[in-house]
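Novice: give the three-dimensional model of this entry:
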Amino acid sequence: PAWLRRLCGHLLSERLLRPSGVQAVVRGVLEGTDGEWGALGGAGAETAALDWRKCDAVGKILAACPQQCLSLEDYYRQVCPQILDLLHIQDKVAARQCQRVATTTLLTMAREQPQLAERHLLQPLLAPLRRCSGA
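Specialist: Prediction:
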């Protein structure tokens, strides 16, 4: 029903905009998909495909600005650093899943809002490389 969709969207938005909210949502959705985060634990092609589809779906959800947000700029400013933090997860199984989510999110955001993605994702992501290259 529409009321349930709105309520879920509102709760998801609230969680995403909290500190470490993106990681909490990603862990919550992907729990049960593989290794330490869950119980499937298989390395078969079917499990891997399910894992990839889940990660892809989560990334697309993260790339969509919620209706409750004041502006797209504010959403990107709050969520993009958290998306980049997904690239620094230490646990190997979790890191693989988080990297998939971050990659899908980054690609979707760059396609849909290239200027905001460049400012809030690509520039921070490439800053260490720029510092090392002296450019």
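Novice: which residue packs closest to Leu107, ignoring adjacent ones?
Specialist: Taking Cβ to Cβ, 6 or more residues apart in numbering as the measure, Leu107 lies nearest to Gly59, with 7.9 Å between them; neighbours along the chain are not counted. C-beta: built from backbone N, CA, C; applies to glycine.
Novice: ok, the nearest residue to His120 once chain neighbours are set aside - contacts?
Specialist: For His120, ignoring the flanking residues on the chain, the nearest one in space by Cβ to Cβ, 6+ apart is Cys80 at 3.7 Å. With contact set as Cβ atoms under 8 Å, 6 or more residues apart in numbering, Cys80 has these partners: 109, 117, 120-121, 124.
Novice: could you flag which of the residues you listed are buried?
Specialist: For the contacts of Cys80, a neighbour count by 16 or more other Cβ atoms under 10 Å gives the buried set as 109, 117, 120-121.
Novice: I'd like to know which of those is nearest to Leu11.
Specialist: Comparing the buried ones among the contacts of Cys80 against Leu11 with Cβ to Cβ picks out Met109 as the nearest, at 22.0 Å.
Novice: so that closest one touches Ala63, yeah?
Specialist: Yes - at 4.8 Å, Met109 counts as touching Ala63 under the criterion of Cβ atoms under 8 Å.
Novice: quick one on the thing from earlier: mean confidence score for the helix or strand the residue nearest to Leu107 falls within?
Specialist: Per DSSP states H and E: Gly59 is located in helix 45-63. For helix 45-63, the mean pLDDT works out to 77.
Novice: now do stretch 2-15
Specialist: Stretch 2-15 comes out with an average pLDDT of 86.
Novice: how far does that stretch sit from its chain's centre?
Specialist: Computed by Cα atoms, centre = their mean, to the nearest Å, the separation of stretch 2-15 from the middle of its chain amounts to 18 Å.
Novice: just the buried positions in it, please.
Specialist: Within stretch 2-15, the residues scored as buried using 16+ other Cβ under 10 Å are 12-13.
Novice: no further questions, thank you.
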